[in-house]
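Peer 1: Following is a predicted model, sequence given first.
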Amino acid sequence: MSDTLTRLRLWWQQLAAIMIKEGKQVVRDPSSWIIAVVLPLTFLFLFGFGISLDTTVVKIAMVREDGGRDALAFAAALTNSRWFLVVAASDRLSAERALQDQSVKAVIIIPAEFGRRLNAQNTTARVQVLVDGAEPNTANYVHGYVQAIWNGFLAARGREQGAAPAAAVSVEVRYWYNANAVSRWFLIPGSMTVIMTLLGTLLTSLVIAREYERGTLEALYATPLTRGQILIGKTLPYFLLAMVSMLVCVLTALLLFKLPLRGSFLALGLVSAVFLVPALGQGLLISVTMRTQMAAAQLGLMTGYMPAMMLSGFLFDIHSMPRWLQAITLAIPARYMNVSLQTVFLAGDLWSVLIPNMLFMLAVGALFFGLTWRRLHKRVD
Amino acid sequence: MLQRLSAIVRKELITMLRDPRARLSLIIPPIIQLFVFSSAATMEVKNIAVAVVDLDRGPYALDVQQRLGGSRSFTRLPRYASVAAARGALEREQVIGILVLPSAFSADLSAGRPASAQLLLDGRRSNAAQITAQYVSTIMAAEGAPLSGAPPQARTGGAGPAPPPNAELVIDNWFNPNLEYQWFMMPNLVGMLSLAVALMITALSVARERELGTFDQTLVSPATPIEIALGKLLPPLLVASVQATLYLLIVTLLYGVPFRGNLLVFYAAILTFAAACAGVGLFISSLVHTQQQAFLGAFAVLLPFALLSGFATPVENMPWWLQFVTTINPLAHMLRLMQGLFLKGASVASMAQDLVKLLEIALCTTAAAVLLFRRKAA
């Protein structure tokens, strides 16, 4: 009994020793503090202000070849709308040139005779809209806005002529969790996932590769430390570092970006801690696989950061991806983190959502740590 | 001078390409990323699942569901007895929204009264939710149109042609007629992937030499700091051009994205952009001591570059002060060039501005790096 206790104490002392060594290395390096505090703050700031899917004002060119009352009314409706910044173009050619040279997003042509054709019986008045389709998302917004202004123009004209509005089906749209459908509200939790991936995976991907490159890994193996102690000792300081920066991120989100926190701090902390298991595990696995920091950094970038940006549902909806790609996202821890954070911030502590996601993260994490464990062993002999 | 420079370049190329694994890692991963990310990066909403709570069970409510089911965008329309029952599916993200058809829906429509349905959407995915709302509204608006008397079953058979409208809005999409998201993403990925490679290679290669102590040897060699800097800049340019050629072939031949610009301008863009990125990388490496720091430094600029470039979200949506920052972001210029070259066939004159900006960035950052090296060498 006392024998086990002594061994346990020894094990703990050894672990503490390597943790103190790693911890000091992290704390004494001034860049660690930059990493833990300055970097997340800057990133969150940039994410919060820089990324927005809420189209604000689109610059368009208008060619008006008709000076009549109807043409002027439609032109005024465009100019007065808060969606467009309208620049008048003298002729079609110059407007089309502007569209091609990327200075406007759309060209609206109100042709000559517009008013006459509109008021005559058997003719059709056409307004031509040329949209820059290169960026489909903005193009779709422009479609919607122009169509809405056009419908408004026709309705106003109809009312003047005394036509009764048609009865129709209306759809009353309500957004749960995010009543105004502000894109920032779902992008900021996603940004936190990216930042945590950066800290968890990318930094740890260098730790063992660095010792290997400098030749200090053999010295580490010569110590009585077991594999488990090395793994824990190497990861725990980064775990704490990441948790600190998570706290910084959360406070910024709440205080600066006024994100609601409908769940609890407890759930937030739990989810973050659980996410760090696969994130750190992935970093360590890369670190023991690659022998140089350069290669480790590249692999970390490719398998950690890029998927967290592109495949986690942060920017691009996972459900819209092709099926084979959806299957790949199942192995990406950032995906589960993203849903969990969005849920805790916007919806609350929905444990029926959080627990399965956390289990998936732990499963992926166990896989990474298991593989690291095996590879680390091979290296010793 | 040329002799010394070529010696340095040769040395750099040998370090970079000596290892066959390293050679492969410069080619294979970028191509895999191009394939995977171009399929991932779409703002289109597909495979939509919406829960339906049909409290009406009348002919019009059935018709709505048939129309939704007939649309390509909707793949699943699971039915639930009540909103409370559907709520769990929404929470677990199995459906993006819940469409509630109220009990008087068909009665109102048959009587010629306006009817309304309720759509509850998941605000956690607000972009996809908004697009879903657009789709549903369009389909429902069509429901209202032929409601004057005829029951929906009769209508599907022999609806007469609608009277010709005497006013029409004709919308044409230039450059990308079907608004294919991949056409937008592919040229952007060419810029994005070159950025990561050029920046990382230069930033880490100097830092590694520093860590291993070989950088001091280079500094005491007869090569001048300018030659050392150029020696570090040229290999990434070479790698970037080789990769860009591969991207160009894949994007145009395999994915059918048009290339409407000038091939010379394309390579000029790639070279100036790679020089600008490598310049930034060099500047970072002149500030740091270890590879880990270089890596972080590279990252600290990589992420803002990517975000503030129009890669994922349009520059026009940003506040003005961030739009100003995009003018010193090489990727923002590069993306404009790529869009101009691939899709738009923009005039050389309009693209020259971006090329000049890239050159300026390359010169400034390299000059700053050389100054810092020189100080360290002294």
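Peer 2: That came in fine, so what should we check first? Numbers count the residues shown, from 1 in each chain, chains lettered A, B, ... in the order given.

Peer 1: gap between the residue in the stretch 1-150 of chain B that chain A sits nearest to and residue A:64?
Peer 2: Closest to chain A within the stretch 1-150 of chain B is residue B:123: 2.6 Å, counting by Cβ to the nearest Cβ. Any C-beta I mention is one placed from the backbone N, CA and C, and that applies to glycine too. As judged by Cβ to Cβ, to the nearest Å, residue B:123 and residue A:64 stand 40 Å apart.

Peer 1: Look at the two and report which has more neighbours.
Peer 2: Per other Cβ atoms under 10 Å in any protein chain shown, whichever of residue B:123 and residue A:64 has more neighbours is residue B:123, with 22 against 19.

Peer 1: tell me the secondary structure for the closest residue to chain B within chain A?
Peer 2: Nearest residue of chain A to chain B: residue A:178, at 2.6 Å (Cβ to the nearest Cβ). Following DSSP: H, G, I helix; E, B strand; the rest coil, residue A:178 is assigned to coil.

Peer 1: same deal with residue B:75?
Peer 2: Going by three-state DSSP: residue B:75 is strand.

Peer 1: Just want the phi and psi numbers for the closest residue to it other than its chain neighbours.
Peer 2: Of all residues not flanking residue B:75 in the chain, residue B:47 sits nearest, at 4.7 Å (Cβ to Cβ, 6 or more residues apart in numbering or on different chains). Dihedral pair for residue B:47: phi 50, psi 50, per degrees, to the nearest 10.

Peer 1: and if you look at the one 5 residues further on?
Peer 2: Reported as degrees, to the nearest 10, the phi and psi values for residue B:52 are phi -110, psi 130.

Peer 1: which stretches of the stretch 51-200 of chain B have low pLDDT?
Peer 2: The stretch 51-200 of chain B contains residues with pLDDT under 70 at B:142-166.

Peer 1: That one: strands as residue ranges?
Peer 2: In the stretch 51-200 of chain B, the strands defined using DSSP state E, counting those that start in this stretch lie at B:74-76, B:79-80, B:97-101, B:115-122, B:167-174.

Peer 1: With residue A:203 as the reference, measure out to residue A:332.
Peer 2: Remark: distance between residue A:332 and residue A:203 (Cβ to Cβ) = 18 Å.

Peer 1: To clarify, my last question referred to residue B:124.
Peer 2: Relative to residue A:203, and taking Cβ to Cβ, residue B:124 is found at 29 Å.

Peer 1: re the thing from before, ok, now which ones touch the residue of the stretch 1-150 of chain B closest to chain A?
Peer 2: Counting by Cβ atoms under 8 Å, 6 or more residues apart in numbering or on different chains, residue B:123 touches A:175-179, A:181, A:185-186, A:346, B:129.

Peer 1: Try it again at 6 Å.
Peer 2: Contact partners of residue B:123, counting by Cβ atoms under 6 Å, 6 or more residues apart in numbering or on different chains, are A:175-178.

Peer 1: Could you do residue B:42 as well?
Peer 2: A:320, B:181.

Peer 1: helix, strand or coil for it?
Peer 2: Taking three-state DSSP, the label given to residue B:42 is coil.

Peer 1: dump the residue contacts of residue 277.
Peer 2: Answering for chain A, as no chain was given. Applying Cβ under 6 Å, 6+ apart, the residues near residue A:277 are residue A:365.

Peer 1: that's the wrong chain, I wanted chain B
Peer 2: Contacts of residue B:277 were listed using Cβ under 6 Å, 6+ apart, and they are B:195, B:198-199, B:330.

Peer 1: quick one: which of the residues you listed is nearest to residue A:15?
Peer 2: Closest approach between those and residue A:15, by Cβ to Cβ: residue B:199, at 38.0 Å.

Peer 1: Please state the offset of stretch B:38-52 from the chain centre?
Peer 2: Its chain's average C-alpha position is 16 Å from that of stretch B:38-52, according to Cα atoms, centre = their mean, to the nearest Å.

Peer 1: Quick check: end-to-end length of it?
Peer 2: 32 Å (Cα to Cα, to the nearest Å).

Peer 1: And for stretch A:129-136?
Peer 2: 15 Å.

Peer 1: Report the buried residues of the host helix or strand of residue A:193.
Peer 2: Following DSSP states H and E, one finds residue A:193 within helix A:183-197. For helix A:183-197, a neighbour-count test (16 or more other Cβ atoms under 10 Å in any protein chain shown) marks A:183-197 as buried.

Peer 1: Hmm, which of the residues you listed is lowest in pLDDT?
Peer 2: Of all the buried residues of helix A:183-197, residue A:183 has the smallest pLDDT value, namely 79.

Peer 1: mind checking the longest helix of chain B?
Peer 2: In chain B, with assignment by DSSP state H, the single longest helix is helix B:181-212.

Peer 1: ok now that helix, how far from the chain's centre?
Peer 2: With Cα atoms, centre = their mean, you get 15 Å for helix B:181-212.

Peer 1: Please apply the same query to stretch B:244-259.
Peer 2: Counting by Cα atoms, centre = their mean, stretch B:244-259 comes out at 16 Å from the chain centroid.

Peer 1: For chain A, which segments count as strands?
Peer 2: A:58-64, A:84-88, A:106-110, A:125-132, A:169-176 (DSSP state E).

Peer 1: For these, please prepare a markdown table with the additional fields mean pLDDT and distance to chain B.
Peer 2: Listed next are the strands of chain A as a markdown table, based on pLDDT from 0 to 100; distance: least, Cβ to the nearest Cβ, whole Å:
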| stretch | mean pLDDT | distance to chain B |
| --- | --- | --- |
| strand A:58-64 | 90 | 7 |
| strand A:84-88 | 90 | 10 |
| strand A:106-110 | 91 | 9 |
| strand A:125-132 | 89 | 5 |
| strand A:169-176 | 78 | 4 |
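
Peer 1: Can you say which of the ones you listed is nearest to residue A:43?
Peer 2: Here strand A:169-176 is closest among those (Cβ to Cβ), at 26.7 Å.

Peer 1: hang on, residue A:333 packs against residue A:361?
Peer 2: Yes: the criterion here is Cβ atoms under 6 Å, and residue A:333 meets it with residue A:361 at 5.3 Å.

Peer 1: out of those two, which sits in the more crowded spot?
Peer 2: More crowded of residue A:333 and residue A:361, by other Cβ under 10 Å: residue A:333, with 32 against 23.

Peer 1: dump the residue contacts of the nearest residue in space to the residue of the stretch 1-150 of chain B closest to chain A that is not next to it in sequence.
Peer 2: Nearest residue to residue B:123 in three dimensions, chain neighbours excluded: residue A:178, at 2.6 Å (Cβ to Cβ, 6+ apart). By Cβ under 6 Å, 6+ apart, residue A:178 lies in contact with A:185, A:346, B:123, B:126.
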